[in-house]
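Participant: this is a predicted model, with the sequence first.
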Amino acid sequence: MLDVKPNIVLKYFPNLSDKQIAQFSQLFDLYSFWNAQINVISRKDIEELYERHVLHSLGIAKVCNFKAGESVLDVGTGGGFPGIPLAILFPETDFYLVDSIGKKIKVVKEVASALGLENLRGDHLRAEQIKEKFNFVVSRAVTRLGEFYPWIQGKFKKDSLNAIPNGILYLKGGDLAEEIKESKLKAELYPLSAYFEEDFFETKYVVYVPQ
């Protein structure tokens, strides 16, 4: 069994509690186990779990510090990214993870249960089926922004508790100028290379769309 540790997470988030460090440390074994049964991460990527999946997810936390009592919807979460790492980091914020593929949500529920994450729910749903409202919607490159927005339109709470207004925090890579223009949305780009020095993050962004 490979011994892969979350040192890269601690490098950028040094003030974690012992409980959070323990939870992040469990992720490699949990995802190795479940990924062997239900492929939620590229098999060749599993050794890079902490950089390419966990830290990438936590890029959202460099842009927005979620508050106690806020609710966050993760659309098309796959195996739980970015929702699970964010739920570990923000234990007083409520996270709702949905995916249209049931076996992926099974992995989310199993990992969350093993970690003892009480602030996270997962459901096998499409975003359009959700009736609740949230402070923020997060996602990791499920589709083009212009296609994504109609799925979650109208799913935002009116009252904002945060330093930035309620909205979308979307992890995306590459040249986004055309995609943002096509979406006709007012978007702000935060390059992850401003926060993380590894090469992987050179072309990665958090796209913030306020509501």
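Facilitator: Received, thanks.
Participant: phi, psi of the most centrally placed residue in the chain?
Facilitator: Residue closest to the mean C-alpha point of the chain, counted by Cα atoms, centre = their mean, is Pro82 at 1.5 Å. In terms of degrees, to the nearest 10, the main-chain angles of Pro82 are phi -90, psi 0.
Participant: then the one 10 residues further on?
Facilitator: For Glu92, the backbone dihedrals are phi -100, psi 10 (criterion: degrees, to the nearest 10).
Participant: and what of Val206?
Facilitator: phi -100, psi 120.
Participant: can you check His124 too?
Facilitator: phi -80, psi 90.
Participant: and the longest helix for the chain?
Facilitator: Looking across the chain with DSSP state H, the single longest helix is helix 18-37.
Participant: the chain: strands as residue ranges?
Facilitator: 71-75, 94-99, 120-124, 136-140, 167-173, 188-191, 204-210 (DSSP state E).
Participant: turn these into a markdown table, including mean pLDDT.
Facilitator: Putting these into a markdown table (pLDDT from 0 to 100) gives the following:
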| stretch | mean pLDDT |
| --- | --- |
| strand 71-75 | 98 |
| strand 94-99 | 98 |
| strand 120-124 | 98 |
| strand 136-140 | 98 |
| strand 167-173 | 97 |
| strand 188-191 | 98 |
| strand 204-210 | 97 |
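Participant: JSON lines for those strands, including distance to Leu58?
Facilitator: C-beta here means a position set from N, CA and C on the backbone, and glycine is covered the same way. Output for the strands of the chain, formatted as JSON lines (distance: least, Cβ to Cβ, whole Å):
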{"stretch": "strand 71-75", "distance to Leu58": "13"}
{"stretch": "strand 94-99", "distance to Leu58": "13"}
{"stretch": "strand 120-124", "distance to Leu58": "15"}
{"stretch": "strand 136-140", "distance to Leu58": "11"}
{"stretch": "strand 167-173", "distance to Leu58": "10"}
{"stretch": "strand 188-191", "distance to Leu58": "13"}
{"stretch": "strand 204-210", "distance to Leu58": "10"}
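Participant: nothing else from me, thank you.
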